[in-house]
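[1] compute the structure for the input listed below.
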Amino acid sequence: MGYGFKVMLEGDYACFTRPELKVERVSYDVPTPGALEGLFKSVYWKPAIRYVIDTIIVFQPIDFINIRRNEVKDKVLYSAVRSQMNGKGGNPCIYTSENRSQRASMVLKNVKYGVEFHFELTGLKDEREEDGENKHYNMIKRRLEKGQYFRTPCLGYSEFPVKKMELVQSFDMELISSAVLEMGDVDLGYMSYRVQFADEGRPKNGDWENPKFSDEASTVYYRPHMVNGVIDVKKYRPV
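    Okay, the predicted model is just below:
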């Protein structure tokens, strides 16, 4: 816990999809820890570390909006890309006009969150990697301070990028909306905590140079409370 961070996040829209509602996209009221882990992996990630979300603070009123979006139904096949790269033909293209479908989504708007998190060593290290905790900490801190990232951090969906991400020393609790404070103690019900992959981050072929990871995964759930806008994730974290 000596390597913790506090970060403020803001965005125009966010969607943390409920897995039980698969046809239409419906967001949870608040971010899931797994979604936030993925967001910070966009800033810095190594197999040697994992992010652990400790606290989530909701500053803005929980406000939903209905939107309709065009989505592509299919994915580009890896086998088709590989076949074309090897000169064996194949067409890895997807034509959106032929693979487009329209879906309704209920998403959050005008969001602002405070997130406290730390990282832990996984014991999964590429043999070439000799980084220690302090080096990881300094890399994460520097990238957060400079606003650097490997891919655009998003709030659930790539269409909803983070508008502002700021590393802070402490959270100004006076900025929590009165509408959120008036909610008091809210039982958020069963929520997705994170998606747990069966391989636990280890290549199933044991080769870090050309890793092949398992797609087998299951969703881990937890049941948090939001008290005056604050979700003490570590208190409700599943074992």
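
[2] show the pLDDT at the nearest residue to residue 65 once chain neighbours are set aside.
    The shortest distance from residue 65 to any non-neighbouring residue, by Cβ to Cβ, 6 or more residues apart in numbering, is to residue 109 (4.7 Å). C-betas here are computed from N, CA, C, even on glycine. pLDDT for residue 109: 97.

[3] list the helices and strands the helix or strand hosting residue 109 packs on?
    Element membership of residue 109, judged by DSSP states H and E, is strand 100-121. Judged by 3 or more Cβ pairs under 8 Å, 6 or more residues apart in numbering; DSSP states H and E, strand 100-121 is in contact with strand 4-14, strand 25-26, helix 33-41, strand 49-58, strand 64-72, helix 133-146.

[4] could you rerun that using 6 Å?
    Applying 3 or more Cβ pairs under 6 Å, 6 or more residues apart in numbering; DSSP states H and E, one finds that strand 100-121 makes contact with strand 4-14, strand 49-58, strand 64-72.

[5] strands paired with it, and their directions?
    Sheet pairing here is set by DSSP bridges, and for strand 100-121 it gives strand 4-14 (antiparallel), strand 25-26 (parallel), strand 49-58 (antiparallel), strand 64-72 (antiparallel).

[6] sec struct for residue 20, please.
    Secondary structure, DSSP: H, G, I helix; E, B strand; the rest coil: residue 20 is coil.

[7] follow-up on the earlier one: tell me which residues of the strand holding residue 109 come out buried.
    Neighbour-count burial for strand 100-121 flags 105-109, 111-119 (criterion: 16 or more other Cβ atoms under 10 Å).

[8] the helix or strand bottoming out on mean pLDDT in the chain: how far from the chain's middle?
    Using mean pLDDT, DSSP states H and E, the weakest-scoring helix or strand in the chain turns out to be helix 78-85, at a mean of 81. In terms of Cα atoms, centre = their mean, to the nearest Å, the centre of helix 78-85 is set 29 Å apart from its chain centre.

[9] stretch 133-152 now?
    Counting by Cα atoms, centre = their mean, stretch 133-152 comes out at 16 Å from the chain centroid.

[10] same check on stretch 156-171?
    Here stretch 156-171 is found 11 Å from its chain centre; the criterion is Cα atoms, centre = their mean.

[11] same deal with stretch 140-160?
    Stretch 140-160 sits 10 Å away from the centroid of its parent chain (Cα atoms, centre = their mean).

[12] re the thing from before, closest to residue 123 out of the strands paired with strand 100-121?
    Smallest distance to residue 123 across the strands paired with strand 100-121 (Cβ to Cβ): 10.1 Å, for strand 49-58.

[13] run through who's touching that closest one.
    The contact list for strand 49-58 (Cβ atoms under 6 Å, 6 or more residues apart in numbering) reads 30-31, 33, 36-37, 40, 114-120, 122, 136, 171, 180, 229-231, 233-234.

[14] now do stretch 174-190
    Here stretch 174-190 makes contact (Cβ under 6 Å, 6+ apart) with 58, 59, 60, 61, 221, 223, 224, 225, 226, 227, 228, 229.

[15] could you dump it to CSV, C-alpha only?
    Output of stretch 174-190 as CSV, limited to C-alpha atoms (Å, rounded to 0.1, in the frame of the first residue of the first chain):
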residue,chain,number,x,y,z
GLU,A,174,-16.5,19.4,-0.7
LEU,A,175,-16.8,19.0,-4.5
ILE,A,176,-19.1,16.1,-4.1
SER,A,177,-22.5,17.1,-5.5
SER,A,178,-25.3,17.7,-3.0
ALA,A,179,-27.5,15.3,-5.0
VAL,A,180,-25.0,12.5,-4.3
LEU,A,181,-24.6,13.4,-0.6
GLU,A,182,-28.4,13.3,-0.2
MET,A,183,-28.5,9.7,-1.4
GLY,A,184,-26.7,8.7,1.8
ASP,A,185,-26.0,5.0,2.1
VAL,A,186,-26.8,3.3,-1.2
ASP,A,187,-26.7,-0.5,-1.6
LEU,A,188,-25.5,-0.8,-5.2
GLY,A,189,-26.5,-4.5,-5.5
TYR,A,190,-24.4,-7.1,-7.1
